[in-house]
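**Q** Test case, fold it:
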Amino acid sequence: MTRFAKDLFISYAHIDNLPLTPEQKGWISRFHATLEALLSMRLGQAAQIWRDNKLQGNDVFAEEIVDQFTQTAVLVSVLTPRYLNSDWCTREIREFCASAEQRGGVVVDNKARVFKVLKTPVDSQESLPAVVRDVLGYEFFTLEDGAPLELDPAYGEKFAQDYNRKVGKLAWDVAQLLKKLATDPDDGGPDAQAAAKATIYLAECSYDRKEAREILEGDLRRHGYTVLPEQRLPWDEADYIAAVERLL
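**A** Here you go, the predicted model:
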């Protein structure tokens, strides 16, 4: 299925895997297990997902991780304030991008090999490589009375359902990229079939309609359509309008 020994590496900060209650697993541990199960189903074979368990409880960079990046297809970064303030975590993502550039490129057919999971809102992503800052992220939180809450089953059944739906969407997108990486672009496979489909610009919406937009986007992508925008749009109004006009 793949030219890489490992399908995916999960990059995260240790503090973000602390359980909310003693009887629970940490958020990252449960995310790893859920993503592995769903991605395996999407691929039709066992997904090879790995991460540094950080048993020492600190952010000490492990050089042996870098050696494995050349054999890793995709990186999933779990973004939080701690992650973006950690030299260890930001070096991890920079090292992966450097390795990816040497083997196939960080971006393949406009799809980045880095997936951003936003566990909580972050003020800035300036510590990330430019190619990663532009990637659209997967928001694993919701807002209640203006306060962000992670999609965590500890908060109730609705949170658990939304969490599973988000991981399912992420697993689907990762699976499509892994298949693309494993497919010769000249063999008339999925890439050639997708090229015949239309490209659709899906407008942004207010926060209360965000879930409906994500469901629609997922349906369109599963049917082989290219959905724009594929990168984060600029914050500046003039740049935003110019970017949208280019896409349209």
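**Q** who touches stretch 8-17?
**A** For stretch 8-17, contacts defined as CB atoms under 8 Å, 6 or more residues apart in numbering pick out 26-29, 31-32, 35, 39, 47-51, 54, 57-59, 65, 68-69, 72-78, 80, 82-83, 86, 88-89, 92-93, 96, 119, 174. Yep, even glycine has a C-beta here, placed from its N, CA and C like the rest.
**Q** how about a cut-off of 6 Å?
**A** Under the criterion CB atoms under 6 Å, 6 or more residues apart in numbering, residues 26, 28, 32, 49-51, 54, 57, 72, 74-78, 80, 82-83, 86, 89, 92-93 lie in contact with stretch 8-17.
**Q** Filter those down to the buried ones and hand me the PyMOL line.
**A** With 16 or more other CB atoms under 10 Å as the criterion, this PyMOL line picks the buried residues out of those:
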select buried, resi 26+28+32+49+50+51+54+72+74+75+76+77+78+80+82+83+86+89+92+93
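**Q** Show me the contacts of stretch 8-17 that map onto helices.
**A** Residues of those located in helices (DSSP state H): I28, H32, R82, Y83, C89, E92, I93.
**Q** Look up how far A37 lies from the fourth one.
**A** Here the criterion is CB to CB, to the nearest Å. By it, Y83 lies 24 Å from A37.
**Q** Next: the first one.
**A** According to CB to CB, I28 stands 15 Å off from A37.
**Q** Could I get the buried residue list for stretch 162-176?
**A** Neighbour-count burial for stretch 162-176, counted by 16+ other CB under 10 Å, picks out 162-163, 166-176.
**Q** Also stretch 11-26?
**A** By neighbour count on 16+ other CB under 10 Å, the buried set for stretch 11-26 is S11, Y12, A13, H14, I15, D16, N17, G26.
**Q** residues in contact with the last one?
**A** Right, the one you point to is G26. Contacts for G26 (CB under 6 Å, 6+ apart) come out as N17, L18, P19.
**Q** ok, which stretches of this structure are helices?
**A** With DSSP H as the criterion, the chain has helices at 27-43, 63-69, 81-85, 87-102, 130-133, 157-182, 190-195, 210-222, 237-247.
**Q** For the longest one, name the packing helices and strands.
**A** Translated: helix 157-182. In terms of contacts (3 or more CB pairs under 6 Å, 6 or more residues apart in numbering; DSSP states H and E), helix 157-182 is packed against helix 27-43, strand 72-79.
**Q** could those be laid out in CSV, adding distance to V108 and mean pLDDT?
**A** Shown next, in CSV, are the helices and strands packed on helix 157-182 (distance: least, CB to CB, whole Å; pLDDT from 0 to 100):
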stretch, distance to V108, mean pLDDT
helix 27-43, 17, 96
strand 72-79, 10, 95
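**Q** Among these, which comes closest to A147?
**A** Minimum separation from A147 across the helices and strands packed on helix 157-182 (CB to CB) falls at helix 27-43, 17.3 Å.
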